[in-house]
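Peer 1: what would the 3D arrangement of this be:
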Amino acid sequence: MEAFRVENFEERGAALKAKGLAPESTEKDATGQFAHFHDPEGNDVTLWGK
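Peer 2: Here you go, the predicted model:
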């Protein structure tokens with residue numbers, strides 16, 4: 001799994017959705033927001049932002 005911390009979580013998530021990569025799940029806790037994806041090669045990818 002690869003995790004990427006991003007400053008502009010909402011914008012990055014929207015850009016991925018526009019390219020056809022919708023998150024499989026999302027969550028929010030005290031440390032931030034998370035969106036979990038599988039990339040076109042099947043790798044687990046997580047975006048993490050505040």
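Peer 1: okay, how far is it across stretch 25-44, tip to tip?
Peer 2: Terminal residues of stretch 25-44 are spaced 12 Å apart (Cα to Cα, to the nearest Å).
Peer 1: how close does the residue nearest to Asn43 when sequence neighbours are not counted get to Leu47?
Peer 2: For Asn43, the nearest residue in space outside its immediate sequence neighbours is Glu2; the separation is 6.6 Å by Cβ to Cβ, 6 or more residues apart in numbering. Using the backbone N, CA and C atoms, a C-beta is placed for each residue, glycine as well. When distance is defined by Cβ to Cβ, to the nearest Å, Glu2 is 10 Å away from Leu47.
Peer 1: who has more neighbours, these two?
Peer 2: Relative neighbour count places Leu47 above the other of Glu2 and Leu47, with 20 against 9, counting by other Cβ atoms under 10 Å.
Peer 1: list the strands paired with the host helix or strand of that one, with their directions.
Peer 2: If you go by DSSP states H and E, Leu47 is part of strand 44-49. Using DSSP bridges, the neighbouring strands of strand 44-49 in the sheet come out as strand 2-5 (parallel), strand 32-38 (antiparallel).
Peer 1: quick check, distance from that strand to the centre of its chain.
Peer 2: 4 Å (Cα atoms, centre = their mean, to the nearest Å).
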